[in-house]
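K.L.:
give me a model of this one.
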Amino acid sequence: MSLVIDLLRHGETELGAGFRGSLDDALTETGWAQMRRAVEGAGPWDAIVSSPLQRCARFAEELAGHLDLPLGFDADLRELHFGAWEGRTAAQLMATDEAGLGLFWNDPYSFTPPGGETLLDFEARVHAAAARLQEGFAGQRLLVVSHGGVIRLLLARAWGLPRAQLMQVEVPHATLHRIVLP
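P.N.:
Sure, this is the predicted structure:
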């Protein structure tokens, strides 16, 4: 049985743009509004699963309560840990680590931010989470509230893209993307 997953990226956060990673910042009022608009008319879903980071989890809790749906959290749906780059913007990194940033954008599988999680490890945990979802929710429609990197990986895999095209997958804040797992 296939599983239909609607992937929802969190909205704007209090600490702004940049490499959020494992930082646990909250949504702004704009971020809340973005996410509420993103799910208007969407669904129906049988359940919601979220990253435990508050920029995803608080909205998932609100929506699950409003729709009276079961809610679960999966730590493997957290964003890539960016190490020393966490909380920094691309503009800041251009001033301090331009070469590293260029290497990361060109081939994130070959370059890991200092002290960060490798893309291979990140990919393995995200795909493990997807396999658990597929096993636990087969035949259902699921909303997953997560992060840009997680959604980018899942979309790239669903679309059969090679790793070299991963960074070409665009996942703006508070957008829904559907995949179907066989």
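K.L.:
tell me the contacts of the most centrally placed residue in the chain?
P.N.:
Residue closest to the average C-alpha location in the chain (Cα atoms, centre = their mean): His147, at 1.9 Å. For His147, the contacting residues are 9-10, 20, 51, 53, 56, 77-80, by Cβ atoms under 8 Å, 6 or more residues apart in numbering. (C-beta placed from N, C-alpha, C; glycine too.)
K.L.:
can you rerun that using 10 Å?
P.N.:
Taking Cβ atoms under 10 Å, 6 or more residues apart in numbering, we find His147 in contact with 7, 9-10, 20-22, 51, 53, 55-56, 77-80, 126, 153, 171.
K.L.:
do Leu23 as well
P.N.:
If you count contacts by Cβ under 10 Å, 6+ apart, Leu23 has them with 13, 15, 53, 55, 79, 81-82, 86-87.
K.L.:
ok now the helix ranked longest in the chain, how far from the chain's centre?
P.N.:
For the chain, the longest helix by residue count, based on DSSP state H, is helix 119-136. Computed by Cα atoms, centre = their mean, to the nearest Å, the chain-centroid distance of helix 119-136 equals 12 Å.
K.L.:
show me what that helix is packed against.
P.N.:
Using 3 or more Cβ pairs under 10 Å, 6 or more residues apart in numbering; DSSP states H and E, the elements in contact with helix 119-136 are strand 3-9, strand 47-50, strand 71-73, strand 141-146, helix 148-158, strand 176-181.
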